[in-house]
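1. take this sequence and fold it.
(one chain, ligands or ions: 3)
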Amino acid sequence: MSLLSVRDLRVEFDTRDGLVRALNGVTFELDKGLVLALLGESGSGKSVTLRAILGLHPPSHTRISGEVLLKDRDVNRLDEVERRAIRGRVASLVFQEPITALDPVYTIGDQIVETLVRHRGLAPADARRRARELIDLVQVPAPERMLRSYPHEISGGMRQRGMIAIALACEPELLLADEPTTALDVTVQAQILWLLRDLQRRLGLAVVFVTHDLGVAAEIADEAAVMYAGRIVEQAPIGELFARPAHPYTEGLMQATVRRGQRGIPLVPIPGAPPNLAALPAGCAFAARCRLVREECRTTLPPLYQVRDGHVARCHLVPERFGASPIPKAASVA
Ligand SMILES: Nc1ncnc2c1ncn2[C@@H]1O[C@H](COP(=O)(O)OP(=O)(O)OP(=O)(O)O)[C@@H](O)[C@H]1O
Ligand code: SF4
Ligand SMILES: [Mg+2]
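-> Ligands and ions are numbered 1, 2, ... in the order given. Reported below is the predicted structural model:
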């Protein structure tokens with residue numbers, strides 16, 4: 001049994017502009033202790049995927065189908081009380097900008113204590129002791145001051161450490177990290193990334209780590225899934241993805257990104273923009289931007305092909321470029 005199993009997940013939003021098809025059949029699994037990086041441009045569906053895993057989309061204007069199995073329980077079939085029990089205890093979310101997630105009128109210490117009292121049923125004195133342990137866990141240089149501080153009194157990096165402490169308070173097995181380093185300056189980014197990697201290993205956490213930065217993914221992930229227009233278009237172990245990108249979109253992302261040891265190689269942006277999710281094309285969603293596009297790409301959705309063991313890509317050209325064959329739908333990862 002995988003810790004997390006997402007199967008054919010579809011999320012659509014009813015908007016004034018029509019039905020926005022944000023996720024169009026996302027499938028992946030994650031075992032205990034492993035890190036999956038979700039990669040892709042803005043609007044590809046990374047955050048919608050994380051929110052769907054925790055059942056956070058408001059039902060009033062969202063249509064959801066498919067399965068999100070967290071420890072074999074389908075989040076889409078739980079009521080709100082059961083979902084709240086899962087949040088924090090099984091899976092926790094760390095946001096890009098902790099200032100929006102933290103409450104400005106309570107100190108960091110009070111917010112950790114409140115989480116422990118409400119969700120773990122600890123007595124206030126025990127919760128305060130545990131809050132101090134959690135602050136030590138996230139390696140804060142002045143722990144007592146941190147516990148007494150309001151969110152606006154500390155730096156972005158310290159706020160993110162506070163947010164991580166709250167996320168870990170209920171000892172989740174899965175951490176969902178939505179660009180947790182993007183809003184920070186470069187040195188602090190590296191420190192938070194190092195902290196997350198250290199915690200992940202020490203606590204044996206599974207992590208879904210959302211980023212648009214391939215360098216960050218290479219630092220932290222075991223596996224990567226590349227998203228485009230609400231689908232996973234390629235998935236592979238991280239080293240394999242870098243060594244043998246099989247989808248033209250992944251190749252484009254790599255050419256558009258600075259990579260270590262590649263000074264002097266010009267960056268090539270991917271031309272054009274992602275498609276309108278309220279009017280998705282019939283065929284490959286990347287067709288309008290793809291340098292290798294063919295006629296069939298515009299009319300037929302490419303199936304998922306196995307490039308190698310554990311490496312799949314959704315592109316019509318995979319068989320002739322890599323000698324691969326389609327994988328059966330039941331075993332597909334996207
Ligand atoms: N509540 C909503 N109502 C309508 N559309 C939404 C809603 N939430 C997300 N979307 C749309 O779904 C698509 C995917 O959004 P998502 O936030 O997952 O992108 P993302 O990959 O996380 O991008 P970014 O890198 O900018 O954070 C976007 O087009 C977004 O506008
Ligand atoms: S299916 Fe066609 S358009 Fe899509 S990525 Fe492959 S070659 Fe490009
Ligand atoms: Mg996002």
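
2. bridging residues for Val20?
-> Phe13 (DSSP bridges).

3. residue contacts, it?
-> Glu12, Phe13, Leu277, Ala278 (C-beta atoms under 8 Å, 6 or more residues apart in numbering). C-betas here are computed from N, CA, C, even on glycine.

4. ditto for Leu4
-> Neighbours of Leu4 in contact, by C-beta under 8 Å, 6+ apart: Glu29, Leu30, Ile53, Val68, Leu69, Leu70, Ala91, Leu174, Ala206, Val208.

5. out of those residues, flag the one nearest to Gly156.
-> Ranked by distance to Gly156 (C-beta to C-beta), these are led by Val208 at 22.2 Å.

6. can you get me a residue count around whatever residue of the stretch 101-250 of the chain ends up closest to ligand 1?
-> Of all residues in the stretch 101-250 of the chain, the one sitting closest to ligand 1 is His212 (5.6 Å; C-beta to the nearest ligand atom). A count of neighbours around His212, defined by other C-beta atoms under 10 Å, yields 17.

7. now Ser65
-> The burial count for Ser65: 12, using other C-beta under 10 Å.

8. can you point out the buried residues in the helix or strand that contains it?
-> Element membership for Ser65, per DSSP states H and E: strand 62-70. Buried positions in strand 62-70, judged by neighbour count with 16 or more other C-beta atoms under 10 Å: Thr62, Ile64, Gly66, Val68, Leu69, Leu70.

9. cool, stretch 108-125 as well?
-> Ile108, Gly109, Asp110, Gln111, Ile112, Val113, Glu114, Thr115, Leu116, Leu122.

10. distance to ligand 1 and pLDDT added to those, as CSV?
-> Listed next are these as CSV, based on distance: C-beta to the nearest ligand atom, whole Å; pLDDT from 0 to 100:
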residue, distance to ligand 1, pLDDT
Ile108, 25, 97
Gly109, 30, 97
Asp110, 30, 97
Gln111, 24, 96
Ile112, 27, 97
Val113, 31, 97
Glu114, 27, 95
Thr115, 25, 93
Leu116, 30, 95
Leu122, 34, 95
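
11. just flag the most distant two among these.
-> Checking the buried residues of stretch 108-125 with C-beta to C-beta, the most distant pair is Ile108 and Leu122, at 17.0 Å.

12. now what about stretch 279-299, what contacts it?
-> Outside stretch 279-299, the residues touching it (C-beta under 8 Å, 6+ apart) are 18, 21, 24, 228-229, 231, 233, 247-249, 252, 270-275, 300-302, 314-317.

13. swap the cut-off to 10 Å and go again
-> 17-21, 24, 44, 228-231, 233, 247-249, 251-252, 270-275, 277, 300-302, 314-317, 321 (C-beta atoms under 10 Å, 6 or more residues apart in numbering).

14. what segments of the stretch 1-150 of the chain are strands?
-> 4-15, 18-30, 35-39, 62-70, 73-74, 91-94 (DSSP state E, counting those that start in this stretch).

15. now these in a markdown table, with mean pLDDT?
-> What follows is those, written out as a markdown table (pLDDT from 0 to 100):
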| stretch | mean pLDDT |
| --- | --- |
| strand 4-15 | 97 |
| strand 18-30 | 96 |
| strand 35-39 | 97 |
| strand 62-70 | 96 |
| strand 73-74 | 94 |
| strand 91-94 | 93 |
